[in-house]
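**Q** Give the three-dimensional model of this entry:
(one chain, ligands or ions: 1)
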Amino acid sequence: MPDYISALDLFTIGIGPSSSHTVGPMRAALLFAEAVKANGQLPHTTHIEVKLFGSLGATGPGHGTSNAIVAGLSGITPEECNPDDVLTAWDSAVKARKWFVLNHEITFSESNFSYQPLIRLPKHSNGLRFTAYSASNEKLLEQTYYSVGGGFVEADHELYRPERPDVPFHFESAVELLEICAREGKSIAELAYINEAFIHGELALEIKLDAIWATMQHSIEKGLATRGVLPGYLAVTRRAADMAEQLANSEDEVSNEWLQAYAIAVNEQNAAGQRIVTAPTNGAAGIIPAVGYYALKYKNIDSKKISHDYLLTAAAIGSLYKRNASISGAEAGCQGEVGSACSMAAAGLAAILGGSSEQIENAAEIAMEHNLGLTCDPVGGFVQMPCIERNAIAAGTAVSAVRLAMLGDGSHKISLDTVIETMRQTGLDMSSKYKETSLGGLAVNVVEC
Ligand code: SF4
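**A** Prediction:
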């Protein structure tokens, strides 16, 4: 039986700007550093070469990959790092011409990193290869990793993963999920809670869900209060704070505009490399927090219900995307990132507004159906345009999908499973130009100035 994909896998506290190009590579770099140490080769290592393949080679610099790898080699984790330390890691290493792998000093040069955008490793388009060398240039250890989206990492060699117990309610499709809900007389959130508590323990689960929701809220509030220009030569001006000021002074009904401001606030924080929750990726990190915050502010839903029923329902649906299609922009285009997040948010909102399991499934289906085919074409390789605004639009789509679903009784022709499979097939058919390589779409039609 395949492992259960937990809410705590899909929602991780980390840093921007990208789960696949920042968080995943940072974790891979730390895994490699630990492997060198475990093999007893750390004292003999004088330098490390890093090769970035495919999408990582194409858009890695704009996504902060180099900073993330250098930080990861030193032993820093996305969960516990100071985001500002990561933002300066590459420049610090280049300037000092040395760096630390865990606590061991090595020489460092820009030429130790090479970018191979046109080479796609067979397993995944986000490939990283690390090679540790001795002073005599002897190869001490070489390992290849893959950042497969949402901060998840795989490798050519077997990675140690703590064994996960079989959960009480295992499901691999929306049909199975709805069948279990009907049989057990429980909601999706109740089933998910039982599964999650079985894996993590109730206390740890409670603490982590609350921390995830608190971090989501903080990223909204910080984003709404921060002005300035985002990193990178595009010099994109932050606008969430200006939006908030205008909306606070408006006499019109502006809940939808606030919803969009919340999403933009998070994605601006993400683009600035700050603390956010990967949900289920960083590029799409604004949608689930924004819809949750909207429910808090405009639907009188309390925080406990959001940190539990909303997030757990969203994650149960997200696990279907991760298992049966992809949440990686490099694999499925933006439908895999923003589409999945939009669908997850719709499911979560329908749940906390009192929707039945069928209405929840319907809301998730509607939300993804109208994201099918969405390409990934970040301008300049930065997770900014179209990503930031796209989260705002998708947050609105999620709310609209819930309104439509709640006006029906949950019966509908196209199932969520069908839409997920369609997304998978569409992702396979999609040209690699539109899968986080910045080689097509807006990325080649926006004039750099
Ligand atoms: S366009 Fe979509 S998939 Fe691509 S980086 Fe932006 S948010 Fe992620």
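**Q** Does Ala132 fall in a helix, a strand, or a coil region?
**A** Three-state call for Ala132 (DSSP: H, G, I helix; E, B strand; the rest coil): strand.
**Q** let me redo that: Leu128
**A** Taking three-state DSSP, the label given to Leu128 is strand.
**Q** Touching, it and Val50? I think so.
**A** Yes - contact criterion CB atoms under 8 Å: Leu128 and Val50 qualify, at 6.7 Å. C-beta: built from backbone N, CA, C; applies to glycine.
**Q** Could you pull out the buried residues of the longest helix seen in the chain?
**A** When the chain is parsed with DSSP state H, its longest helix is helix 202-224. For helix 202-224, a neighbour-count test (16 or more other CB atoms under 10 Å) marks 205-206, 208-209, 212-213, 215-224 as buried.
**Q** same thing with stretch 289-298?
**A** Pro289, Ala290, Val291, Gly292, Tyr293, Tyr294, Ala295, Leu296.
**Q** One more: stretch 2-10?
**A** Buried, per 16+ other CB under 10 Å, within stretch 2-10: Tyr4, Ile5, Ser6, Ala7, Leu8, Asp9, Leu10.
**Q** likewise stretch 33-42?
**A** In stretch 33-42, counting by 16+ other CB under 10 Å, buried: Ala33, Ala35, Val36, Lys37, Gln41, Leu42.
**Q** Tell me how far it lies from the chain's centre.
**A** 29 Å (CA atoms, centre = their mean, to the nearest Å).
**Q** Equivalent analysis for stretch 420-437, please.
**A** That offset, for stretch 420-437, works out to 17 Å (CA atoms, centre = their mean).
**Q** Can you check which strand is longest in this structure?
**A** In the chain, assigned by DSSP state E, the strand with the most residues is strand 139-149.
**Q** Show me what whatever helix or strand comes next after that one is in contact with.
**A** Going down the chain from strand 139-149, the next helix or strand is strand 152-155, by DSSP states H and E. Contact partners of strand 152-155, identified using CB atoms under 8 Å, 6 or more residues apart in numbering, comprise 9, 24, 27-28, 31, 123-124, 143-148, 159.
**Q** hmm, which helix or strand of this structure has the shakiest average pLDDT?
**A** Ranked by mean pLDDT, DSSP states H and E, the weakest helix or strand in the chain is helix 54-59, scoring a mean of 91.
**Q** Give the buried residues for stretch 396-408.
**A** Judged by neighbour count using 16+ other CB under 10 Å, the buried positions of stretch 396-408 are Gly396, Thr397, Ala398, Val399, Ser400, Ala401, Val402, Ala405, Met406.
**Q** between Leu128 and Val50, what contacts are shared?
**A** With CB under 8 Å, 6+ apart as the test, Leu128 and Val50 both reach Ala29, Ile69.
**Q** These two - which one has more neighbours?
**A** Using other CB atoms under 10 Å, the more surrounded residue of Leu128 and Val50 is Leu128, with 27 against 23.
**Q** separation between the closest residue to the more buried one other than its chain neighbours and Gly127?
**A** Nearest residue to Leu128, sequence neighbours excluded (CB to CB, 6 or more residues apart in numbering): Tyr145, at 4.9 Å. Distance, Tyr145 to Gly127, using CB to CB, to the nearest Å: 7 Å.
**Q** so how far is the helix or strand where Val50 lies from its chain's centroid?
**A** Assigned by DSSP H and E, Val50 falls within strand 47-53. Here strand 47-53 is found 24 Å from its chain centre; the criterion is CA atoms, centre = their mean.
**Q** Just the C-alphas of that strand, formatted as CSV.
**A** Written as CSV, here are the backbone C-alpha positions of strand 47-53 (Å, rounded to 0.1, in the frame of the first residue of the first chain):
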residue,chain,number,x,y,z
HIS,A,47,35.5,21.4,-2.9
ILE,A,48,32.1,20.4,-4.2
GLU,A,49,30.7,20.7,-7.7
VAL,A,50,27.0,21.2,-8.3
LYS,A,51,25.2,20.6,-11.7
LEU,A,52,21.7,21.8,-12.2
PHE,A,53,19.7,20.2,-14.9
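**Q** which residue packs closest to the closest residue to the ligand within the stretch 1-150 of the chain, ignoring adjacent ones?
**A** Proximity of the stretch 1-150 of the chain to the ligand (CB to the nearest ligand atom) peaks at Ser18, 6.7 Å away. Nearest non-adjacent residue to Ser18, counting by CB to CB, 6+ apart: His63, 4.1 Å away.
**Q** quick one: contacts for the one you found?
**A** Pro17, Ser18, Ser20, His21, Thr22, Gly381, Phe382, Val383.
**Q** again with Ser431
**A** Ser431 neighbours (CB under 8 Å, 6+ apart): Gly440.
**Q** Check the one 3 residues further on too.
**A** For Tyr434, the contact set (CB under 8 Å, 6+ apart) comprises Gly333, Thr375, Cys376, Asp377, Gly440, Gly441.
**Q** go again using 10 Å as the cut-off
**A** Residues in contact with Tyr434 (CB atoms under 10 Å, 6 or more residues apart in numbering) are Gly329, Gly333, Cys334, Gly373, Leu374, Thr375, Cys376, Asp377, Gly427, Gly440, Gly441, Ala443.
**Q** now, the most widely separated pair of the residues you listed?
**A** By the measure CB to CB, Gly427 and Ala443 form the most distant pair in the contacts of Tyr434, at 17.8 Å.
**Q** For this structure, identify the residue most remote from the centre.
**A** Ser136 (40.3 Å; CA atoms, centre = their mean).
**Q** Show the contacting residues for the residue positioned nearest the centre of the chain.
**A** For the chain, the residue nearest the mean C-alpha position is Thr281 (1.1 Å; CA atoms, centre = their mean). Counting by CB under 10 Å, 6+ apart, Thr281 makes contact with 10, 18-21, 23-24, 149-152, 270, 327-329, 334, 336-338, 340-341, 383.
**Q** Repeat the analysis, applying 7 Å as the threshold.
**A** Applying CB atoms under 7 Å, 6 or more residues apart in numbering to Thr281 gives the contacts Ser19, Ser20, Gly149, Gly150, Ile327, Gly329, Glu337.
**Q** How about Gly380?
**A** Gly62, Gly232, Tyr233, Leu234, Glu448.
**Q** just those now: which is nearest the ligand?
**A** Using CB to the nearest ligand atom, these come closest to the ligand at Gly62, 9.4 Å.
**Q** The closest one: neighbour count?
**A** For Gly62, using other CB under 10 Å, the count is 23.
**Q** Output the buried residues of stretch 289-298 as TSV; include the columns distance to Ala261, pLDDT and secondary structure.
**A** Output for the buried residues of stretch 289-298, formatted as TSV (distance: CB to CB, whole Å; pLDDT from 0 to 100; DSSP: H, G, I helix; E, B strand; the rest coil):
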residue	distance to Ala261	pLDDT	secondary structure
Pro289	12	98	helix
Ala290	8	99	helix
Val291	13	98	helix
Gly292	14	98	helix
Tyr293	10	98	helix
Tyr294	10	98	helix
Ala295	15	98	helix
Leu296	14	98	helix
